[in-house]
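Student: quick one: sequence plus predicted model below, questions after.
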Amino acid sequence: MTQNPWENADALLMCVRLRRKGIILPDVDTLFAEVLKSIILMATRLLIIDDPRFASKRDFLFDYETQTDVLLQVLTKLNKAKLRSSKSFVNWIVKAAQNALRNIVRDSTRQKRTGTLLGEGDVDLDFIGYCRDFYGNIYKRDDGHKVSNINWED
């Protein structure tokens, strides 16, 4: 579908209202999903045009899984949308899709956390002073016994 989504925005808004009430027909719901997919594709293109930082991630943004992830995020936020006017609703969908795309790119380039899980015998209490185990119990350096609280003023 290469139509302008603002031309049929009234029908889109009616689909959302029917979907919220739970009386939407399966054929109409399928058509609604196709319209949302085309709006998300348009939002992706606009994001790449408006912000050149995303041009290098073009293949990632147009990937099927990325697009369906954005569609899922937009569908989950659909119940929170204000249904004032049809054109502002289309603008809201475009903005929600672009924000989801930005978040996906941000999260995909985030460095993986590589922590080391230590056992009870691996911790040197003389060096650290105190530590917590998996359950939140605190081990002190003095006698190594579990205590429920530490008086930090001492």
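Tutor: Great, that's in hand. Model, not experiment: these values are computed from the prediction. Residues are numbered from 1 along each chain as shown.
Student: so where is the chain shaky, pLDDT-wise?
Tutor: Confidence mapping of the chain against pLDDT under 70 gives the ranges 1-3, 113-134, 138-154.
Student: longest helix of it?
Tutor: Longest among the helix segments of the chain by residue count, using DSSP state H, is helix 26-50.
Student: packing partners for that helix?
Tutor: If you count contacts as 3 or more Cβ pairs under 8 Å, 6 or more residues apart in numbering; DSSP states H and E, helix 26-50 packs onto helix 9-21, helix 58-61, helix 64-77, helix 86-108. For every residue, glycine as well, the C-beta is placed using N, CA and C.
Student: so can I have TSV of those showing mean neighbour count and distance to L46?
Tutor: Formatted as TSV, these follow (neighbours: other Cβ atoms under 10 Å; distance: least, Cβ to Cβ, whole Å):
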stretch	mean neighbour count	distance to L46
helix 9-21	16	16
helix 58-61	14	11
helix 64-77	15	13
helix 86-108	17	7
